[in-house]
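Asks: no sequence on this one, just coordinates:
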């Protein structure tokens, strides 16, 4: 995240902080004098040291003109919060919209358990949650950029070239195990209705449900991504790529396109089983931990047959068992379902 922060500072934040919180001094600041005269003193004692060994970008004079230089923890916290919120929103909205337009099966909106105005409700909930999730995530980013993790910049700084490949499956294995435990814990009766139920409002989710969480729930399930580099080495550029991948995967398992008929991959079909029947398939990427924890439910084979996937018989079967599970897990079903014929108004 320090690379993302450095680029944001260079092209946006330096100018904003120089204007909003300028450094007070009686002497005028001449950037060219500082660059060409070794005796000239800049207003700020901060010195630029790049976090990006591959394509460093020299800061402008505005980097030296704020009372909060780039190393100021308050400035870093504010900027990281805004990066997480804005960048997260862009990832969510762009990928979810692309998924909705080109992948999502629109017939899902005719399912008897599709909610009234559901897609709009999903978007509203996601956008209410994102700033709070971003605020909770900011201390994790601060720990990272201030050197409290095992992040490294180049292969020469890491364990070795072999690790540049191995870190990806290790990251997936670690986070998959941690998310399984956290997610299953969120289904405990003392926790479920307080934190996790808002995400289970969506029985037949659209891609926009991917980030429609209670903010504490969303943050809790993201914690493994921040814990991993505290315990194990992780290339900082791989970390940014994995952050994008995680958001993409979260959308993909809510897109209703049942492609991965695999006993190993926890794809959209497996995750649909979780939304329909609650107490199964807690894993994020694989079915391994669900199998080990005896919470795996194999998706019906008919889900992978286009003509049967959205059939009335399939829906009746799903509704019957889903209503039984709702009574067991939640008691009263307080959702407002979309009456037949109004789906297109969403």
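Replies: All right, it came through fine. Treat the numbers as computed from the prediction; the structure is a model and nothing was measured.
Asks: Could you tell me which ranges of the protein sit under the pLDDT cut-off?
Replies: Where the chain drops to pLDDT under 70, the residues are 25-43, 339-346.
Asks: Quick one: the helices in it, in order.
Replies: Ranges of helices within the chain are 2-8, 14-20, 31-36, 73-102, 118-145, 161-186, 189-191, 215-231, 236-252, 268-277, 288-292, 306-309, 312-329, based on DSSP state H.
Asks: Quick one: these as JSON lines, columns for distance to residue 336 and mean neighbour count too.
Replies: Backbone N, C-alpha and C define where each C-beta goes, glycine included. Formatted as JSON lines, the helices of the chain follow (distance: least, Cβ to Cβ, whole Å; neighbours: other Cβ atoms under 10 Å):
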{"stretch": "helix 2-8", "distance to residue 336": "40", "mean neighbour count": "19"}
{"stretch": "helix 14-20", "distance to residue 336": "43", "mean neighbour count": "17"}
{"stretch": "helix 31-36", "distance to residue 336": "60", "mean neighbour count": "12"}
{"stretch": "helix 73-102", "distance to residue 336": "21", "mean neighbour count": "17"}
{"stretch": "helix 118-145", "distance to residue 336": "9", "mean neighbour count": "19"}
{"stretch": "helix 161-186", "distance to residue 336": "24", "mean neighbour count": "16"}
{"stretch": "helix 189-191", "distance to residue 336": "24", "mean neighbour count": "10"}
{"stretch": "helix 215-231", "distance to residue 336": "21", "mean neighbour count": "19"}
{"stretch": "helix 236-252", "distance to residue 336": "25", "mean neighbour count": "18"}
{"stretch": "helix 268-277", "distance to residue 336": "17", "mean neighbour count": "23"}
{"stretch": "helix 288-292", "distance to residue 336": "31", "mean neighbour count": "17"}
{"stretch": "helix 306-309", "distance to residue 336": "25", "mean neighbour count": "12"}
{"stretch": "helix 312-329", "distance to residue 336": "14", "mean neighbour count": "14"}
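Asks: Out of these, which gets nearest to residue 259?
Replies: When the helices of the chain are ranked by distance to residue 259, counting by Cβ to Cβ, first place goes to helix 268-277 at 7.2 Å.
Asks: which ones are touching the closest residue to residue 300 other than its chain neighbours?
Replies: Setting aside the residues directly before and after it, residue 300 is nearest to residue 314 in space (Cβ to Cβ, 6 or more residues apart in numbering), at 7.5 Å. With Cβ atoms under 8 Å, 6 or more residues apart in numbering as the criterion, the residues that contact residue 314 are 300, 302, 303, 308.
Asks: before we move on, back to that, wait, which of the helices of the chain is closest to residue 66?
Replies: Sorting the helices of the chain by Cβ to Cβ, the top spot, which is the nearest, belongs to helix 14-20 at 3.9 Å.
Asks: residues in contact with the closest one?
Replies: If you take Cβ under 8 Å, 6+ apart as the criterion, helix 14-20 is touched by 59, 60, 62, 63, 65, 66, 68, 70, 75.
Asks: Would you mind giving the helices of the chain as JSON lines with distance to residue 337 added?
Replies: As requested, the helices of the chain are arranged in JSON lines below (distance: least, Cβ to Cβ, whole Å):
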{"stretch": "helix 2-8", "distance to residue 337": "42"}
{"stretch": "helix 14-20", "distance to residue 337": "46"}
{"stretch": "helix 31-36", "distance to residue 337": "63"}
{"stretch": "helix 73-102", "distance to residue 337": "20"}
{"stretch": "helix 118-145", "distance to residue 337": "9"}
{"stretch": "helix 161-186", "distance to residue 337": "24"}
{"stretch": "helix 189-191", "distance to residue 337": "24"}
{"stretch": "helix 215-231", "distance to residue 337": "23"}
{"stretch": "helix 236-252", "distance to residue 337": "24"}
{"stretch": "helix 268-277", "distance to residue 337": "14"}
{"stretch": "helix 288-292", "distance to residue 337": "28"}
{"stretch": "helix 306-309", "distance to residue 337": "20"}
{"stretch": "helix 312-329", "distance to residue 337": "10"}
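Asks: hang on, the earlier thing: any idea which of the contacts of residue 314 has the most stuff around it?
Replies: The member of the contacts of residue 314 surrounded by the most neighbours (other Cβ atoms under 10 Å) is residue 303, with 20 neighbours in all.
Asks: For residue 115, see how far away the closest residue to residue 116 other than its chain neighbours is.
Replies: Leaving aside its sequence neighbours, residue 116 sits nearest to residue 338 (Cβ to Cβ, 6+ apart; 4.4 Å). With distances taken as Cβ to Cβ, to the nearest Å, residue 338 is found 6 Å from residue 115.
Asks: swap in residue 131?
Replies: 24 Å.
Asks: just residue 173 next, same as before
Replies: When distance is defined by Cβ to Cβ, residue 173 is 35 Å away from residue 115.
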